[in-house]
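Asker: structural data only, the sequence is not supplied:
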């Protein structure tokens, strides 16, 4: 059955793509957000296992890394960059930092996306952010591009011939454009005559559509029922 472009087009209206924006820090200064880490939630207690000042120091280091990062970072990478013991400690501190942002109603929020964590602005700030930066360029995908992207996302790894058989048209140029946008990539070769390329989605695909993993893609039947 030919998939409808709504499959991924439905996600284009989600906060992850249209409204949330990475916190831009083009000058890459050492600025830290004025987050109050001194309340009782971060105080010296058995749960932390650390004195209050040490906890605050590690939270500040972690926040600085997140602030300067241009893409989602795994807990393992965060631990290395923030000089933490391991990914487990990083995840514990991430939960505390996220809770702090939420409790204080900060403009930023900590989001788990594309196999890592990233600071994004909150969805309700979309109108204000749009006036400053304009709409996200990734949202400007044509219906044929979305349909091709949907086929690859749900059938991957998939060869071009299979994509064209499902869509009923040639899609070589669309595949090239999607690869240039870093939404698709070549993941290998098929074990058939000519060893054609196999296509799959990228980490940026997950990031653009606000997904932690591919298994978070909505079921096609569910999206069709929503699209009506």
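Answerer: Looks like it came in fine. Everything numeric here is computed off the predicted structure, so don't read it as measured data.

Asker: quick check: closest non-adjacent residue to residue 178.
Answerer: Take residue 178 and drop its neighbours on the chain: the residue closest to it by Cβ to Cβ, 6 or more residues apart in numbering is residue 184, 4.3 Å away. For glycine as for every other residue, the C-beta is placed from the backbone atoms N, C-alpha and C.

Asker: quick check: the one you found touching residue 203?
Answerer: No - applying Cβ atoms under 8 Å, one finds residue 184 not in contact with residue 203, separated by 11.6 Å.

Asker: OK, contacts around the residue nearest to residue 178?
Answerer: With contacts taken as Cβ atoms under 8 Å, 6 or more residues apart in numbering, residue 184 has the following neighbours: 149, 152, 175, 178, 199-202, 205.

Asker: can you tell me how far it is from residue 144?
Answerer: In this structure, residue 184 and residue 144 are 14 Å apart, going by Cβ to Cβ, to the nearest Å.

Asker: repeat that for residue 201.
Answerer: Distance check for residue 201 against residue 144: by Cβ to Cβ, it reads 17 Å.

Asker: same question for residue 124.
Answerer: Using Cβ to Cβ, we find residue 124 at a distance of 33 Å from residue 144.

Asker: what about the chain, any weak spots by pLDDT?
Answerer: Of all residues in the chain, those with pLDDT under 70 make up the ranges 1-52, 133-139, 220-228.
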